[in-house]
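Asker: Quick one, what's the 3D model for this:
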Amino acid sequence: MRYQQLVPPDPCLEVVSTEEAARQCFVSNPQEFPYLRGLVKKAVEWIERTLSRQLLTATWCCYLDAFPNEIVLERCPVQTVTQIEYTDTEGNSQILPPDQYQFDVASQNWPARVQPAYGLIWPVTRGYSRTWPTIEANHLGELPEITGFYNAVQVTFTAGYGTPEEVPPGLRHAILLAAAGWYRDREPTTIGPGITVNPLPHSLEALLSLEDWGQYA
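Answerer: Model prediction:
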């Protein structure tokens, strides 16, 4: 399972503004604002990657080699599934009608789930599968031709909390803490009388743990 962001968030929107970061860091010199803006951007990217989250609304695609029993979209929160495209047994691209699948986006804190609609099954694809049978050579040592496709199933979905104001306060504060920590300690180690490692503040770890849904086995 692989993910690719197809449409990024609106570049005019900021989860945390530069002015908010400046107040957090007690910075009043406008010349420092571009540096702070970069720190905030990196903090957003780091938190999104750490928690498998999408903060502002964006469009993603999940690529699978074949249909599993249940598709799990791990870019929380998923707003809606917009399209499921697959490669049929003839090698043609098909769009699965929306009435042939159902999805669960009831919780913002857990991955979304996608299954066939009641009474239906997934269509057969020309894709590789983890349960592909063992491939053996014939008596001449020749291997049979394999015609499976990588990424035979592509699920396009919209994820994100929406606007900056809709992002949970804990995550917005975690961004401020991360940016302020990086602004203060610009290197992972401090050399003084000895070498000091600068870990994440406990408050930041606590905030992230409250928002972390964990990983599936």
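
Asker: Now for Thr89, how many residues are close by?
Answerer: Residue neighbour count, defined by other Cβ atoms under 10 Å, stands at 11 for Thr89. In this view, the C-beta of every residue, glycine as well, is placed from N, C-alpha and C.

Asker: Let me see the backbone angles for it.
Answerer: Phi and psi for Thr89, reported as degrees, to the nearest 10, are phi -70, psi -20.

Asker: next one: Phe103
Answerer: In terms of degrees, to the nearest 10, the main-chain angles of Phe103 are phi -140, psi 150.

Asker: swap in Gln100?
Answerer: Recorded main-chain torsions at Gln100 are phi -100, psi 0, according to degrees, to the nearest 10.

Asker: Tell me how far it lies from Leu64.
Answerer: 17 Å (Cβ to Cβ, to the nearest Å).

Asker: And for Asn92?
Answerer: Asn92 sits 18 Å away from Leu64, going by Cβ to Cβ.

Asker: The two: which is more packed in?
Answerer: Leu64 (20 against 9).

Asker: and that one, bridged to which residues?
Answerer: Val153 (DSSP bridges).

Asker: Poorly predicted segments of this protein, please.
Answerer: Along the chain, the model assigns pLDDT under 70 to residues 128-148, 186-217.

Asker: So which residues of it form helices?
Answerer: 18-25, 33-51, 169-184, 202-211 (DSSP state H).

Asker: Adding mean neighbour count and distance to Trp122, write those helices out as TSV.
Answerer: Formatted as TSV, those follow (neighbours: other Cβ atoms under 10 Å; distance: least, Cβ to Cβ, whole Å):
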stretch	mean neighbour count	distance to Trp122
helix 18-25	18	46
helix 33-51	17	29
helix 169-184	19	34
helix 202-211	14	32
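
Asker: How much space separates the residue nearest to the spatial centre of the chain from Thr87?
Answerer: Nearest to the mean C-alpha position of the chain, by Cα atoms, centre = their mean, lies Arg75 at 3.8 Å. Taking Cβ to Cβ as the measure, Arg75 falls 23 Å from Thr87.
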